[in-house]
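Participant: Below are the sequence and a predicted model; questions follow.
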Amino acid sequence: MSKKIICIGECGLDIVFGADGMPLGAMPGGRLANAAALLARGGLPVVVAGEAAADAVGDTVVAFLADAGADTHCVDRFTEGRTPVTIFMPAADGHMTATRYEAYAEECFDIVWPRIDEGDIVLFGGYYAIDRRMRARMLPLLQHAEERKAVLVYLPGFMPQQEPRITRVMPAILENLELAHMACTRSADLQMIFGGKDAEACYKNHIGFYCSTLLNVDAAARTLTLYSRGGTDTLELPLSQCTSLIWNAGAAAGAVKALHEAEATPELTAAAPKMLRDSILRQATATADTAVAALAADWQRAHE
């Protein structure tokens, strides 16, 4: 039986506005949901574990995942609250500012656990993995996945608006890194969490002790680098739109695809031999570039 990919994360919607103050369009938000859709469209067996309100926005996001081919039976459709929406507005510096609207009930993540078998890949992260309401129910599932010898891939990163004081959530971030066999980050995530954009220094000083394999996108330097105990490898990204949300979702999806094709175990992922490192970098870049090329509108490619 083909090993499953279980994506645990938030289901939300992003609405992007143009410089004229008019909305350009909407799309399901977050690296995890988009990575799940990309993997499912590629024919891989994907199960999404998360939640969305029983509202029109939730219908849109869940339909997006189901239409891509993902199994959504582990998405809880809660009734006391609203599916999160994030509004992106252009700022004077050319970047986008994000304002988030959410209405979660106090009791969150009341899902039916997906079956987890040895060798399955569990992709998790974002604010969903550190929020105290979610974490009380999510942590036992992650620990169960570890006990079942699944491969855990962690995507740190969240909007500063969600938690302005990093000290409050740092214990949860470090615990997630300790559970994970590989982490996928962006230099902006490293800046927010560890106070520095130097990925190599962050790996050596903060991450490598907990999680031995790190894949990092440095949008400013236009590089994709994989750090591991076996070595460090870097790909230049001169033609890639590596600042966009979809590119970064595609990079995570490609890394997971490489692990799936290699039938990676937790031990192999943590060791990251040269052949696996090369495959992760190649698949991450190819999947991300293909995902961006498939977008229909320019605003989707610029969406960070």
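Facilitator: Sure, I can see it. Just so you know, these numbers come straight off a predicted model, no measurement behind them. Residues are numbered from 1 along each chain as shown.

Participant: strands paired with the one helix or strand residue 224 maps to, and their directions?
Facilitator: Using DSSP states H and E, residue 224 sits in strand 223-228. Strand 223-228 sits in its sheet next to strand 214-218 (antiparallel), strand 231-236 (antiparallel), going by DSSP bridges.

Participant: most packed of these?
Facilitator: Each of the strands paired with strand 223-228 was scored by mean neighbour count; the highest is strand 214-218, a mean of 24, by mean count of other Cβ atoms under 10 Å. To be clear about C-beta, it is placed using only N, CA and C from the backbone, and glycine gets the same treatment.

Participant: Give me every residue in contact with the strand holding residue 224, excluding its own residues.
Facilitator: The contact list for strand 223-228, computed with Cβ atoms under 8 Å, 6 or more residues apart in numbering, reads 199-200, 203, 207-208, 212-218, 232-237, 242, 251, 271-272, 277, 280-281, 284-285.

Participant: re earlier: of the strands paired with strand 223-228, which is nearest residue 247?
Facilitator: With Cβ to Cβ as the criterion, residue 247 lies closest to strand 214-218 of these, at 8.0 Å.

Participant: now that closest one: how far from the chain's centre is it?
Facilitator: Relative to its parent chain, strand 214-218 has a centroid offset of 12 Å by Cα atoms, centre = their mean, to the nearest Å.

Participant: now for the strands paired with strand 223-228, which one comes closest to residue 19?
Facilitator: Per Cβ to Cβ, nearest to residue 19 of the strands paired with strand 223-228: strand 214-218, 26.2 Å.

Participant: returning to that earlier point: Serialize the strands paired with strand 223-228 to JSON lines and add fields for distance to residue 182 and mean pLDDT.
Facilitator: Listed next are the strands paired with strand 223-228 as JSON lines, based on distance: least, Cβ to Cβ, whole Å; pLDDT from 0 to 100:
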{"stretch": "strand 214-218", "distance to residue 182": "7", "mean pLDDT": "97"}
{"stretch": "strand 231-236", "distance to residue 182": "14", "mean pLDDT": "95"}
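
Participant: okay, those strands in CSV with distance to residue 83 next?
Facilitator: Listed next are the strands paired with strand 223-228 as CSV, based on distance: least, Cβ to Cβ, whole Å:
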stretch, distance to residue 83
strand 214-218, 27
strand 231-236, 36
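
Participant: Show the residue spans covered by the strands in the chain.
Facilitator: Ranges of strands within the chain are 5-8, 12-17, 23-29, 46-53, 71-78, 82-90, 96-103, 121-125, 151-155, 182-186, 214-218, 223-228, 231-236, based on DSSP state E.

Participant: Which parts of the stretch 151-300 of the chain are helices?
Facilitator: Remark: helices assigned in the stretch 151-300 of the chain by DSSP state H, counting those that start in this stretch are 166-179, 187-194, 199-202, 245-261, 266-271, 274-293, 298-302.

Participant: Pick the most buried one from these.
Facilitator: Of these, helix 245-261 is the most buried (mean count of other Cβ under 10 Å), at a mean of 26.

Participant: Who are the packing partners of it?
Facilitator: helix 31-41, strand 121-125, strand 151-155, strand 182-186, strand 214-218, helix 274-293 (3 or more Cβ pairs under 8 Å, 6 or more residues apart in numbering; DSSP states H and E).

Participant: Hey, what's the angle from the last one to strand 223-228? Just curious.
Facilitator: Helix 274-293 runs at 150 degrees relative to strand 223-228, counting by axes from the mean of the first three to the mean of the last three Cα atoms, to 10 degrees.
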